[in-house]
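Chemist: Structure of the sequence below:
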Amino acid sequence: MKKLITLSALILTSSLGSALAVAKQDQPAEACPAFLDHEFKKLHSSKTVNLCDLYSGKPMVIVNTASHCGYTKQFSGLEALYQKYKDQGVQVVGFASDDFKQAAKSEQEAATICYKNYGVTFTMLAPTPVKGEMANPVFAELNKATSKPSWNFNKYLVSDNGDKVEKFGSNVKPTDSKLEKALTKAL
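Modeler: Now for the predicted structure:
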């Protein structure tokens, strides 16, 4: 009788383990934070992207950008940061914005500056407000979690599960900086 009970317990445990493994396979690997679940138009494109499609359960760097700013040269550093960590699942997302009146006159000009002049391959989004009542929903949440951008090229490091946001100001370089140290720690 004892052997029968032990055998039944083993079968039940094995079945339960298999059922849990199957259930786990049916669930997404990473749950995207709700504030990233928004569709945005890509820069100088008719295509859109939902930030949850980019999210990989790894930290994400979100930046408000402008094409005619003293910090525009940071596109090179942001691209270097992206290239260095993209194989580890890190995404960099640039939100073009004219909130500080330094954006290009057209998306075509902004795209030329980003893609041709600076070689940007990370996701760049069409101009959208990043501060105030008109802020897009992602920046509205980032602003609540930290503070609104005080200028162009504020960098927001979103943790792997989206529950923590660190803000790095315009003067913080993308690489070899407090931002990169926080990013490597978050990985």
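
Chemist: ranges for the helices of this protein?
Modeler: Chain-ordered helices for the chain, with DSSP state H as the definition, fall at 2-26, 51-54, 74-85, 107-111, 137-145, 178-186.

Chemist: Lowest average confidence across these, which one?
Modeler: Note on the helices of the chain: helix 2-26 shows the lowest mean pLDDT, a mean of 42.

Chemist: middle-most residue in this structure, spatially?
Modeler: Met60 (3.3 Å; C-alpha atoms, centre = their mean).

Chemist: That one and Gly94 touch, don't they?
Modeler: No: look at Met60 against Gly94 with C-beta atoms under 8 Å: they stay out of range, at 11.7 Å. Just so you know, the C-beta spots here come from the backbone N, C-alpha and C atoms, and that holds for glycine as well.

Chemist: Contacts made by stretch 74-84 with the rest, please.
Modeler: 61, 63, 65, 90-92, 94, 113-114, 117-122, 153, 155, 173-175, 179-180, 183 (C-beta atoms under 8 Å, 6 or more residues apart in numbering).

Chemist: Pull the number of nearby residues for Thr112.
Modeler: Neighbours of Thr112 under the rule other C-beta atoms under 10 Å: 15.

Chemist: per-residue confidence for it?
Modeler: For Thr112, pLDDT reads 98.

Chemist: Which residues are in contact with Asn51?
Modeler: Check again: residue 51 is Leu, not Asn. Leu51 is in contact with Cys32, Leu36, Asp37, His38, Phe40, Met60, Val93, Val138, counting by C-beta under 8 Å, 6+ apart.

Chemist: okay, who's weakest in those by pLDDT?
Modeler: Lowest pLDDT among the contacts of Leu51: Cys32, 94.

Chemist: Next up, the contacts around Tyr55.
Modeler: Going by C-beta under 8 Å, 6+ apart, the list of residues near Tyr55 reads Glu30, Cys32, Pro33, Leu36, Gln91.
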